[in-house]
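**Student:** give me coordinates for this.
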Amino acid sequence: MKHTPFAPSSFGQRVTPPTVEMAARAIGCRPEQVIKSVLFLVKRGTAREPVLVLVAGTAKIAYSALGRLFGVGRKKVRMATPDEVMQFTGYPVGGVPPFGHPTPCPPTPTDPCWPKRCSTPAEAMTAPC
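**Tutor:** From the prediction side, this is the model:
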């Protein structure tokens with residue numbers, strides 16, 4: 001497989017965010033090998049804590065599972081709006097990397113085997129699923 005660096009700028013300026021399929025084509029892998037960085041806000045008391053969830057490109061995210069993962073009910077978890085994604089990460093929806101944000105958003109892999117298979121997000125993008 002050809003190894004090509006991937007960056008949000010690979011897609012240029014777009015009104016709609018890049019899709020998993022577009023990212024997979026850009027880096028020469030299968031969609032299930034792409035790791036999505038999805039920002040959620042978890043309500044704890046009166047504050048909403050930004051949490052970056054890392055998930056395989058074709059995986060669906062269950063709010064109830066995230067609630068259990070973070071020790072809150074599913075109604076306390078919501079996906080960040082595009083404006084909130086930009087505010088917390090400094091990147092637009094569809095181009096959020098798993099690190100390097102102005103607001104600390106520690107990445108949370110949802111696959112418990114991911115750290116064992118891959119040592120970096122870049123390696124995860126090309127690891128066999």
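**Student:** what about the helices in the chain?
**Tutor:** Applying DSSP state H to the chain gives helices spanning 20-27, 63-70, 82-89, 114-117, 121-126.
**Student:** flag every buried residue along the first one.
**Tutor:** What that stands for is helix 20-27. 20, 23-24, 26-27 (16 or more other Cβ atoms under 10 Å). Any C-beta I mention is one placed from the backbone N, CA and C, and that applies to glycine too.
**Student:** alpha carbons of that helix, as PDB, please.
**Tutor:** C-alpha atoms of helix 20-27 as PDB (Å, rounded to 0.1, in the frame of the first residue of the first chain):
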ATOM      1  CA  VAL A  20     -14.600   8.600   5.400                       C
ATOM      2  CA  GLU A  21     -14.600   7.300   1.900                       C
ATOM      3  CA  MET A  22     -12.800  10.500   0.600                       C
ATOM      4  CA  ALA A  23     -10.200  10.200   3.300                       C
ATOM      5  CA  ALA A  24      -9.600   6.500   2.600                       C
ATOM      6  CA  ARG A  25      -9.200   7.200  -1.200                       C
ATOM      7  CA  ALA A  26      -6.800  10.100  -0.300                       C
ATOM      8  CA  ILE A  27      -4.500   7.900   1.700                       C
END
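**Student:** and it, what does it pack onto?
**Tutor:** Counting contacts by 3 or more Cβ pairs under 8 Å, 6 or more residues apart in numbering; DSSP states H and E, helix 20-27 packs against no other helix or strand.
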